[in-house]
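>>> My questions are about this predicted structure, shown below with the sequence.
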Amino acid sequence: MIELLDGIYGFTGMIVGRVYAIRDPDGLTLIDSGLARSAGRIVKQVEAAGFKANDIKRIVITHAHVDHGGGAHALNALTGAAIMVSAAEADVMRGAAEQPRPTHHRINVLPSQFFKPSPVARELHDGDVIDDVLGGLTVVATPGHTLGHLSFWSPQRRVLFTGDVLLHTLGMRFPLPMVTISRAMCGESVKTRIAPLKPDALLFGHGPPILSGAAARIDTFIASRGL
Ligand SMILES: [Zn+2]
């Protein structure tokens with residue numbers, strides 16, 4: 001894993017989707033898990049950086065799609081880390097419900113979003129604070145890509161983990177309509193939930209991070225889309 005910002009790391013070779021690790025005195029927190037088959041690679045990279053597998057204390061999921069939460073089950077088995085996800089998507093992680101699919105496309109490209117049962121230790125709600133992470137990591141509901149989609153904000157560090165409400169692949173963009181419940185809702189989330197935070201850094205679910213000056217980039221994006 002590569003240190004992107006002080007104590008904040010990104011993993012390499014995740015195939016699809018980005019996974020981040022945050023270092024705190026009590027151990028590591030992962031933002032998203034990647035695909036199930038990336039779990040071994042994540043643990044290897046953690047160990048290569050001088051940590052132990054069971055230093056991973058928690059896995060915080062932005063949304064229950066397989067490229068973001070599909071590896072939670074496997075990582076939990078390897079490390080014992082506590083899985084946290086929005087209350088709205090907890091049953092998807094538990095394997096008790098299927099992630100709702102977009103209904104506005106006749107052809108549905110999403111693979112089955114049934115998950116191997118993952119023990120959910122904590123269900124998250126908008127405004128919750130995960131205490132031990134970066135001095136308090138705030139849960140920000142950013143619905144649109146999925147209905148229970150969450151982003152995670154560190155007021156101390158002014159870093160936002162966006163998930164898939166906004167991607168950074170060949171510039172900022174919204175996620176593909178065919179895998180997204182509502183792009184209009186994504187736009188609202190970016191405008192009303194993300195822009196007011198004025199983040200310095202954005203760590204995306206897809207695409208390279210923006211490590212400084214992110215607020216101006218968001219404002220430019222909002223203006224360009226007429227939001
Ligand atoms: Zn994604």
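Sure, I can see it.
>>> Can you tell me which residue of this structure sits closest to the ion?
Closest to the ion within the chain is residue 164: 4.3 Å, counting by Cβ to the ion. To be clear about C-beta, it is placed using only N, CA and C from the backbone, and glycine gets the same treatment.
>>> now the helices for the chain?
Here the chain has its helices, by DSSP state H, at 39-48, 66-69, 72-79, 90-93, 183-189, 214-224.
>>> Now tabulate those helices in JSON lines and tack on mean pLDDT, mean neighbour count and distance to the ion.
As requested, the helices of the chain are exported to JSON lines (pLDDT from 0 to 100; neighbours: other Cβ atoms under 10 Å; distance: least, Cβ to the ion, whole Å):
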{"stretch": "helix 39-48", "mean pLDDT": "98", "mean neighbour count": "18", "distance to the ion": "16"}
{"stretch": "helix 66-69", "mean pLDDT": "94", "mean neighbour count": "25", "distance to the ion": "5"}
{"stretch": "helix 72-79", "mean pLDDT": "97", "mean neighbour count": "22", "distance to the ion": "14"}
{"stretch": "helix 90-93", "mean pLDDT": "96", "mean neighbour count": "23", "distance to the ion": "14"}
{"stretch": "helix 183-189", "mean pLDDT": "97", "mean neighbour count": "18", "distance to the ion": "12"}
{"stretch": "helix 214-224", "mean pLDDT": "97", "mean neighbour count": "16", "distance to the ion": "18"}
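>>> what bits of this protein have low per-residue confidence?
105-114 (pLDDT under 70).
>>> For residue 124, which non-adjacent residue is closest in space?
Distances taken as Cβ to Cβ, 6 or more residues apart in numbering put residue 139 closest to residue 124, at 4.8 Å, once the chain neighbours are dropped.
>>> Residue 57 too?
Using Cβ to Cβ, 6+ apart, the nearest residue to residue 57 is residue 27, at 4.1 Å.
>>> what does this structure put close to the ion?
17, 67, 164, 205 (Cβ under 5 Å from the ion).
>>> list the contacts for the nearest residue to the second one once chain neighbours are set aside?
If I follow you right, that is residue 67. Nearest non-adjacent residue to residue 67, counting by Cβ to Cβ, 6+ apart: residue 17, 3.7 Å away. Taking Cβ atoms under 8 Å, 6 or more residues apart in numbering, we find residue 17 in contact with 32, 34-35, 67-68, 205-206.
>>> ranges for the strands of this protein?
For the chain, the strands defined by DSSP state E occupy 2-5, 8-10, 20-24, 27-31, 56-60, 82-86, 120-124, 129-130, 137-141, 150-154, 159-163, 167-168, 172-173, 201-204.
>>> how far does the last one sit from the chain's center?
Right, the one you point to is strand 201-204. The chain centre lies 10 Å from the centre of strand 201-204; the measure is Cα atoms, centre = their mean, to the nearest Å.
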